[in-house]
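[1] Structure for the following, please:
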Amino acid sequence: MAEVIIVPTPEVAGALVAEAIERMVGSNPSSVLGVATGSTPLPVYRALAERVRSGLDLGRLRAFALDEYVGLPASHPESYASVITREVVRPLGLDPKAVHVPDGRPIGIETAGERYEAAIEAAGGIDLQLLGIGTDGHIGFNEPGSSFGSLTRVKTLTEQTRADNARFFASPSEVPLHCITQGLGTILRARRLVLLAFGAGKARAVADAVEGPLSASIPGSAIQLHPQATVVVDEEAASRLVNADYYRYAYAHKPLWQRTIL
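    Numbering: from 1, shown residues only. The predicted model follows:
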């Protein structure tokens, strides 16, 4: 079972995860961080940016993004290449050449997944992968029905995911239909997973992923297979967790040596 940490606000969650990333970089400045997009990981990036302003050096950190839209030019403000540059690379002072995003260009898309898998392998794998979760339980762009063994590949987005992401575009029709995403099998290869979720709208997905049956219908439930997975949620996102009181108790009594991990 994944460790569940319930915090009062997204800002507290961001500070907690940023501290873990800082410790990781302290042990290995060339660590590999898996970065996610969307609003969920922003508190982590903001907390890291504050630490960078206070002297933290992330100049040797390497990063791999979870996914990218297919057919959206990299120069488009809502391409994940642009979002990662805007929200991660610049604020954290990362080397742009060390930050990788799946290639969503239509030309060569047939082999883009294989090439991305090879790049991750060449980097030595991902040390810590940040994750959000969709209202339908997807992680990355692994929609319901995705194989737990899947690797980076092109997927068709559900109407629900396109509707959820429409807030970033001028109109829902502008949201691309296809994406390229790390597979669930790719995600599970990371040495550590940290899934964040905030707000009542994510409560059902969180409960299904953490406490529901292992099911391809809830791709986020794949985290149950990982030996080092941590779920960090606010009170609203935790509201449907049956064992919430135990999670609070367990974290309050966590051995000090384990707290150096997260």
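[2] can you give me the strands in the stretch 51-200 of the chain?
    Counting by DSSP state E, counting those that start in this stretch, the stretch 51-200 of the chain has strands at residues 62-65, 67-69, 99-100, 128-131, 153-156, 178-181, 193-197.
[3] do you know which of those lies nearest residue 146?
    strand 153-156 (7.4 Å; Cβ to Cβ). Glycine gets a C-beta too; all of them are placed from N, C-alpha and C.
[4] other SSEs contacting the closest one?
    helix 109-122, strand 178-181 (3 or more Cβ pairs under 8 Å, 6 or more residues apart in numbering; DSSP states H and E).
[5] Output the ones you listed in CSV; the columns should cover mean pLDDT, mean neighbour count and distance to residue 76.
    As requested, those are exported to CSV (pLDDT from 0 to 100; neighbours: other Cβ atoms under 10 Å; distance: least, Cβ to Cβ, whole Å):
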stretch, mean pLDDT, mean neighbour count, distance to residue 76
helix 109-122, 98, 15, 16
strand 178-181, 97, 24, 14
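[6] Contacts made by stretch 43-51 with the rest, please.
    Contact partners of stretch 43-51, identified using Cβ atoms under 8 Å, 6 or more residues apart in numbering, comprise 10-11, 13-15, 17-19, 21-22, 56, 58, 87-88, 91-92, 130, 196.
[7] just stretch 249-262 next, same as before
    Contact with stretch 249-262 is made by 3, 4, 5, 6, 16, 17, 20, 23, 192, 194, 228, 230, as judged by Cβ under 8 Å, 6+ apart.
[8] And for stretch 54-67?
    Contacts of stretch 54-67 (Cβ under 8 Å, 6+ apart): 22, 25, 29-37, 48, 52, 80-81, 84, 88, 92-95, 98-102, 116, 119-120, 123, 126, 129, 131, 140-141, 179-182, 187.
[9] what pLDDT, on average, does it get?
    For stretch 54-67, mean pLDDT rounds to 98.
[10] rewinding a little: so which of the contacts of stretch 54-67 belong to helices?
    With helices taken from DSSP state H, the overlap with the contacts of stretch 54-67 comprises 22, 25, 48, 52, 80, 81, 84, 92, 116, 119, 120, 187.
[11] what number of residues lie near the spatially closest residue to residue 64 that is not a sequence neighbour?
    Using Cβ to Cβ, 6 or more residues apart in numbering and skipping the chain neighbours, the partner closest in space to residue 64 is residue 100 (4.9 Å). Residue 100: 18 surrounding residues under other Cβ atoms under 10 Å.
[12] next one: residue 250
    Residue 250 - counted by other Cβ under 10 Å - has 13 other residues nearby.
[13] isn't residue 106 right up against residue 69?
    No - applying Cβ atoms under 8 Å, one finds residue 106 not in contact with residue 69, separated by 11.1 Å.
[14] Neighbour count: these two, which is higher?
    Comparing residue 106 with residue 69 by neighbour count (other Cβ under 10 Å), the higher total belongs to residue 69, at 24 against 11.
[15] quick one: what helix or strand has the closest residue to residue 202 other than its chain neighbours in it?
    Closest residue to residue 202 apart from its sequence neighbours, by Cβ to Cβ, 6+ apart: residue 237 at 4.6 Å. In the assignment (DSSP states H and E), residue 237 maps to no helix and no strand.
[16] Just list the residues touching residue 237, thanks.
    If you count contacts by Cβ under 8 Å, 6+ apart, residue 237 has them with 197, 198, 199, 200, 202, 203, 206.
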